[in-house]
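J.: coords below, sequence missing:
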């Protein structure tokens with residue numbers, strides 16, 4: 001039986017970061033590999049030249065969309081495995097009309113984001129950032145930020161049961177916290193299986209000691225944390241955003257942070273990066289990081305998941321992380 005031909009479209013300068021040796025070995029075991037020879041992700045002309053003989057492809061950030069022209073030029077293409085947070089902007093109606101099989105390695109990336117989020121929760125509750133600055137300035141425990149607190153026993157609000165949100169819930173289990181979940185797509189029965197309490201968004205912001213955002217960008221999530229909801233947050237609460245900056249009304253957040261009531265870790269902002277004169281760069285009760293919650297140095301887990309999804313498809317086995325057109329309305 002002939003092996004399928006799989007095109008790797010991510011660009012050779014990204015091989016070390018994106019593709020583990022285990023992924024290369026697994027790919028070679030069931031497929032012939034077609035390489036995009038350029039250093040950067042394949043642009044549309046590259047895909048038009050690369051995909052005519054491909055049965056499947058690996059994509060990631062920066063690769064051009066598989067639009068109608070690309071699909072027309074790739075008559076054999078049956079499967080796409082995407083390495084990144086969202087596959088939505090990389091697919092097209094033409095791919096779905098072809099009956100293309102689409103899978104995502106987003107769950108592997110989600111684990112990286114979730115691990116970072118948990119770290120921020122611990123660091124935030126311990127108030128390590130402001131207390132570290134206080135000690136640097138010559139102080140000790142007389143800071144108003146003392147005492148530090150533990151995550152154990154607190155109420156943690158999760159906004160969005162995405163892959164990331166679900167991984168965060170899993171990682172929180174040893175900490176014996178009460179998880180309050182807001183997600184309109186999750187039923188009471190599913191919430192019970194997840195071990196969380198399903199509540200409305202207003203309840204999350206009122207009751208949670210930690211509010212962590214993991215929702216997709218959609219019209220109904222734009223500025224979901226507006227001035228009113230930010231004002232509801234508890235004094236000394238911790239706000240974490242490792243999702244997208246547009247989930248928060250940034251002007252309202254800056255105003256609320258200016259009161260000093262709570263602390264925020266923002267891995268994403270709107271716009272990104274913040275303007276040079278943005279108060280987010282100066283306020284003492286917020287830390288902005290440069291969109292680093294996901295994998296930065298080593299994205300090998302994503303490549304291994306993506307390759308396994310392609311192997312399963314061409315072996316006639318059921319996929320683990322298939323994306324279908326009806327799912328697009330719920331993802332970023």
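T.: Noted; the coordinates are in hand. Treat the numbers as computed from the prediction; the structure is a model and nothing was measured.

J.: could you break this structure into its assigned domains?
T.: As recorded under automatic domain parsing, the domains making up the chain are 5-108+297-330, 151-288.

J.: average pLDDT across the first one?
T.: Right, the one you point to is domain 5-108+297-330. Domain 5-108+297-330 comes out with an average pLDDT of 96.

J.: chain center to that domain: distance?
T.: Domain 5-108+297-330 has its average C-alpha position 18 Å from the chain's average C-alpha position, going by Cα atoms, centre = their mean, to the nearest Å.

J.: again, but for the last one
T.: Mean C-alpha position of domain 151-288 versus that of the full chain (Cα atoms, centre = their mean) differs by 14 Å.

J.: repeat that for stretch 278-291.
T.: 20 Å.

J.: buried residues in that stretch, which are they?
T.: Residues of stretch 278-291 classed as buried: 279, 280, 283, 285, 286, 287, 288, 291 (neighbour count, 16 or more other Cβ atoms under 10 Å). Backbone N, C-alpha and C define where each C-beta goes, glycine included.

J.: dump those residues into a markdown table; add secondary structure and pLDDT as well.
T.: Output for these, formatted as a markdown table (DSSP: H, G, I helix; E, B strand; the rest coil; pLDDT from 0 to 100):
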| residue | secondary structure | pLDDT |
| --- | --- | --- |
| 279 | helix | 97 |
| 280 | helix | 98 |
| 283 | coil | 96 |
| 285 | coil | 96 |
| 286 | strand | 97 |
| 287 | strand | 97 |
| 288 | strand | 98 |
| 291 | coil | 97 |
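
J.: can you say which two of the residues you listed are spatially most distant?
T.: The distance between the two most remote of the buried residues of stretch 278-291 (Cβ to Cβ) is 20.4 Å, for 285 and 291.

J.: for the stretch 201-332 of the chain, which segments count as strands?
T.: For the stretch 201-332 of the chain, the strands defined by DSSP state E, counting those that start in this stretch occupy 210-213, 238-241, 263-266, 286-288, 322-323.

J.: now those in TSV, with distance to residue 26?
T.: Putting the strands of the stretch 201-332 of the chain into TSV (distance: least, Cβ to Cβ, whole Å) gives the following:
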stretch	distance to residue 26
strand 210-213	33
strand 238-241	35
strand 263-266	36
strand 286-288	38
strand 322-323	19
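
J.: many thanks, we can stop here.
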